[in-house]
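can't give you the sequence, but here's the structure:
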């Protein structure tokens, strides 16, 4: 016999979250593992805008669906960044590095709080103010794939105040695997090389489990922390 919960909650994803986390004590909405999305995010929707309806709607839906801390994306005003420096230019965009003064959300005793000053990469896609569909597709692919440590995380979206191009705010790594191998190949032990290969396999497997295909996979799109780990990035063609 169908239970009352089954009758009231027909969405499978919501039902799964209800069974794991229960209801918010304040608003009685279904929680996730770190907070109540309704209390924490939806009540704040009126306090920000990107100036673009599609971008606003995308962020809002992503925030309400976010089950884990690494699924959270947000609108970040450009003046929240300082020490912006040019890094590189490619066929589709330009990348800068900067310091995000507030930093991303983190959890402390089951409460969300800001991490504080964090170095980030700002990936500005050319003409993205006129082609938000392609831009948001890449952001969505990052959110879907980032259930493993070995995919570069997207923290949110901002906008260049001069060009109005939209920008992905990403984790900052030390450089590409290509650079790392060119500079250090003979200094690396085989166990380190095999560990890097293991990181790549885990990241690719997670992308494929989400029904995605990278389609632009090369060592320039694999980043390194020059210590132990490597990370897959640039999911724009997924």
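On my side now, so go ahead. Remember, predicted model here, so these are calculated numbers, not experimental data. Numbering: from 1, shown residues only.

and residue 208, which of the three is it?
helix (DSSP: H, G, I helix; E, B strand; the rest coil).

oh, I was asking about residue 99
strand.

what residues are up against it?
81, 82, 83, 117, 118, 119, 120 (Cβ atoms under 8 Å, 6 or more residues apart in numbering). In this view, the C-beta of every residue, glycine as well, is placed from N, C-alpha and C.

do you know how far the fourth one is from residue 76?
I take that to be residue 117. Counting by Cβ to Cβ, to the nearest Å, the gap from residue 117 to residue 76 is 14 Å.

what ranges do the strands span in the chain?
Under the criterion DSSP state E, the chain contains strands at 74-75, 81-89, 93-100, 105-108, 111-114, 118-125, 154-159, 166-171, 175-176, 222-224, 230-232.

kindly reformat those strands as JSON lines containing mean pLDDT and distance to residue 52.
Shown next, in JSON lines, are the strands of the chain (pLDDT from 0 to 100; distance: least, Cβ to Cβ, whole Å):
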{"stretch": "strand 74-75", "mean pLDDT": "98", "distance to residue 52": "10"}
{"stretch": "strand 81-89", "mean pLDDT": "94", "distance to residue 52": "19"}
{"stretch": "strand 93-100", "mean pLDDT": "95", "distance to residue 52": "17"}
{"stretch": "strand 105-108", "mean pLDDT": "84", "distance to residue 52": "23"}
{"stretch": "strand 111-114", "mean pLDDT": "85", "distance to residue 52": "25"}
{"stretch": "strand 118-125", "mean pLDDT": "96", "distance to residue 52": "14"}
{"stretch": "strand 154-159", "mean pLDDT": "97", "distance to residue 52": "8"}
{"stretch": "strand 166-171", "mean pLDDT": "96", "distance to residue 52": "8"}
{"stretch": "strand 175-176", "mean pLDDT": "84", "distance to residue 52": "31"}
{"stretch": "strand 222-224", "mean pLDDT": "90", "distance to residue 52": "28"}
{"stretch": "strand 230-232", "mean pLDDT": "91", "distance to residue 52": "28"}
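
which among the ones you listed is found nearest to residue 58?
Nearest to residue 58, of all those, is strand 154-159, at 8.3 Å by Cβ to Cβ.
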